[in-house]
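Visitor: Structure, please.
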Amino acid sequence: MINIDFLLAGCNTRCMHCYVGGGPGKQMDTEDALRCLEKLDAVAAFLPGAADLTLDHEPINHPDAGRIIRAAAGTRHVRNYHHGMTTGIAVMGRSDRDDVLRAYRECGYSHFGITVHGNAAHHDEIVRRKGAYEKTVAAARYLKEQCMALEVSLMLNRFFPADAESITELLEELQPDSVFCAIPVFTPVGSMEEFESCRANLQELEAMKDYLPRWKQDGEAFLRNARELTVSAAAEKLKKGPGLRALFEAPQDEVYLTVHPDCLLYVGNSGAETRCLGDLRTLDPEKTAEEIRKLPGNRDYGAFYDPTDLPDTYDLVQALECLPQELVYGDFESTLYRGLAELGVPTRMDAFRKKRDLYMQQKELLDTFLAHGAITRAQYDKSFGDLTVKMGMGLEN
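Guide: Reported below is the predicted structural model:
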């Protein structure tokens with residue numbers, strides 16, 4: 001399975017727990033976006049399995065969102081996966097939101113979702129934008145008025161026991177079609193460690209027991225799962241498992257790629273890129289597909305860490321035992337990453353970012369030379385091509 005994160009436009013918030021490096025960012029040029037969608041479709045035609053793309057981080061921020069959504073929905077070989085999640089800020093900020101929603105509906109996308117982090121103050125604190133809660137709720141009301149199916153994702157944190165009553169009142173007003181209680185994961189990307197002071201422990205989740213059924217949850221199943229996802233439970237599981245290296249060396253089925261607003265195609269999920277395949281606009285579809293077929297799966301474990309950099313299993317267990325034992329994470333892998341971060345183990349992304357930053361600095365210098373007539377287009381193309389090959393930032397390498 002191939003998953004492609006297509007970064008069409010930046011997000012309106014900077015959520016502490018974001019595991020895909022979201023936040024305000026550049027928008028992809030409309031013609032570039034259409035060209036890249038066409039190219040991805042051509043690449044997918046040469047891939048043996050299924051391929052999905054997701055328009056991210058907040059596609060509704062793009063001024064030509066409707067046109068691009070229609071293009072994404074019209075691809076033949078790569079499926080546009082519509083997750084529908086929105087901060088609501090982009091929706092409510094558009095005077096043409098009815099037209100944008102119509103484009104989604106005409107393409108068969110009839111559901112949207114919002115994420116709630118607690119009451120207004122706590123929500124705004126975690127997403128790091130004043131007034132965000134108000135816009136999120138306004139967008140939910142608008143989507144309901146437009147007869148869209150509404151999902152509410154409750155991003156659980158330590159504030160929820162105190163905020164449970166106001167959350168319940170909101171859900172009773174909105175009457176969403178579905179509610180999902182999410183325990184935030186942890187990956188070694190972005191600023192996720194900043195969320196740790198807000199992470200809920202098991203006692204705080206158990207304090208919500210009476211509210212879970214009112215939030216359309218199976219309370220017993222939810223809490224049973226939470227008990228299995230504490231730091232202490234992860235440490236015990238790690239002790240009894242096959243060993244740290246075995247976990248990180250095991251083959252994976254899913255390959256994640258990311259297209260950035262500058263049209264560069266990367267290996268790795270957004271925020272966890274480890275290699276650049278080149279400018280998607282100019283890549284040869286068949287050669288690109290051939291290179292993608294060679295890639296190992298990179299959803300978890302080895303996607304973030306080189307097994308040769310890992311500590312002994314015993315050392316990671318010791319690190320986990322030094323963390324608050326009742327903290328709860330979204331999955332077992334997240335707890336391991338938290339321990340590795342505590343030990344300061346370098347990630348695959350660290351070295352790549354240094355190389356990519358140097359590469360972009362050199363490219364910007366060449367761009368400046370070209371803009372001021374210091375070099376010709378032919379000289380620019382040769383120098384840029386040589387730079388790309390030398391630094392391994394494209395298929396030419």
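Visitor: Give me the three-state assignment for S153.
Guide: For S153, the assignment made with DSSP: H, G, I helix; E, B strand; the rest coil gives strand.
Visitor: neighbours around it, how many?
Guide: Here the number of neighbours of S153 (other CB atoms under 10 Å) works out to 17. C-betas here are computed from N, CA, C, even on glycine.
Visitor: Surely it is in contact with V116?
Guide: Yes: assessed by CB atoms under 8 Å, S153 is found in contact with V116 at 7.2 Å.
Visitor: between those two, what contacts are shared?
Guide: With contacts defined as CB atoms under 8 Å, 6 or more residues apart in numbering, no residue is shared by S153 and V116.
Visitor: For T87, the count of nearby residues, please.
Guide: T87 has 24 neighbours, counted by other CB under 10 Å.
Visitor: That one: what secondary structure?
Guide: Of the three states, T87 takes coil under three-state DSSP.
Visitor: Who are the contact partners of it?
Guide: By CB under 8 Å, 6+ apart, the contact set of T87 is C11, N12, T13, E58, I114, T115, V127, A132, K135, T136, A139.
Visitor: and the residues you listed as JSON lines, adding distance to G394?
Guide: Shown next, in JSON lines, are the contacts of T87 (distance: CB to CB, whole Å):
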{"residue": "C11", "distance to G394": "28"}
{"residue": "N12", "distance to G394": "32"}
{"residue": "T13", "distance to G394": "33"}
{"residue": "E58", "distance to G394": "28"}
{"residue": "I114", "distance to G394": "39"}
{"residue": "T115", "distance to G394": "36"}
{"residue": "V127", "distance to G394": "36"}
{"residue": "A132", "distance to G394": "38"}
{"residue": "K135", "distance to G394": "40"}
{"residue": "T136", "distance to G394": "40"}
{"residue": "A139", "distance to G394": "40"}
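Visitor: How are the strands of this protein distributed by residue range?
Guide: Applying DSSP state E to the chain gives strands spanning 2-9, 51-57, 79-80, 111-116, 149-155, 178-182, 255-259, 264-267, 275-279.
Visitor: Now tabulate those in a markdown table and tack on distance to E326 and mean pLDDT.
Guide: Output for the strands of the chain, formatted as a markdown table (distance: least, CB to CB, whole Å; pLDDT from 0 to 100):
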| stretch | distance to E326 | mean pLDDT |
| --- | --- | --- |
| strand 2-9 | 33 | 97 |
| strand 51-57 | 32 | 95 |
| strand 79-80 | 40 | 95 |
| strand 111-116 | 24 | 97 |
| strand 149-155 | 19 | 97 |
| strand 178-182 | 18 | 97 |
| strand 255-259 | 31 | 97 |
| strand 264-267 | 36 | 95 |
| strand 275-279 | 38 | 93 |
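Visitor: Can you lay out the ones you listed as TSV showing distance to Q27?
Guide: Formatted as TSV, the strands of the chain follow (distance: least, CB to CB, whole Å):
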stretch	distance to Q27
strand 2-9	5
strand 51-57	11
strand 79-80	18
strand 111-116	20
strand 149-155	25
strand 178-182	28
strand 255-259	13
strand 264-267	15
strand 275-279	17
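Visitor: Of all these, which one is nearest H17?
Guide: Closest approach to H17 among the strands of the chain (CB to CB): strand 149-155, 6.7 Å.
Visitor: how much does that closest one deviate in direction from strand 178-182?
Guide: 20 degrees (axes from the mean of the first three to the mean of the last three CA atoms, to 10 degrees).
Visitor: how about the strands of the chain, which one is nearest L316?
Guide: strand 255-259 (24.2 Å).
Visitor: which strands and helices sit next to the closest one?
Guide: For strand 255-259, the packing partners by 3 or more CB pairs under 8 Å, 6 or more residues apart in numbering; DSSP states H and E come out as strand 2-9, strand 264-267.
Visitor: So which of the contacts of T87 is the closest to T313?
Guide: Distance to T313 across these (CB to CB) is lowest for T115, with 35.0 Å.
Visitor: which one is that closest one nearest to, not counting chain neighbours?
Guide: S153 (4.5 Å; CB to CB, 6 or more residues apart in numbering).
Visitor: Perfect, I'm done here.
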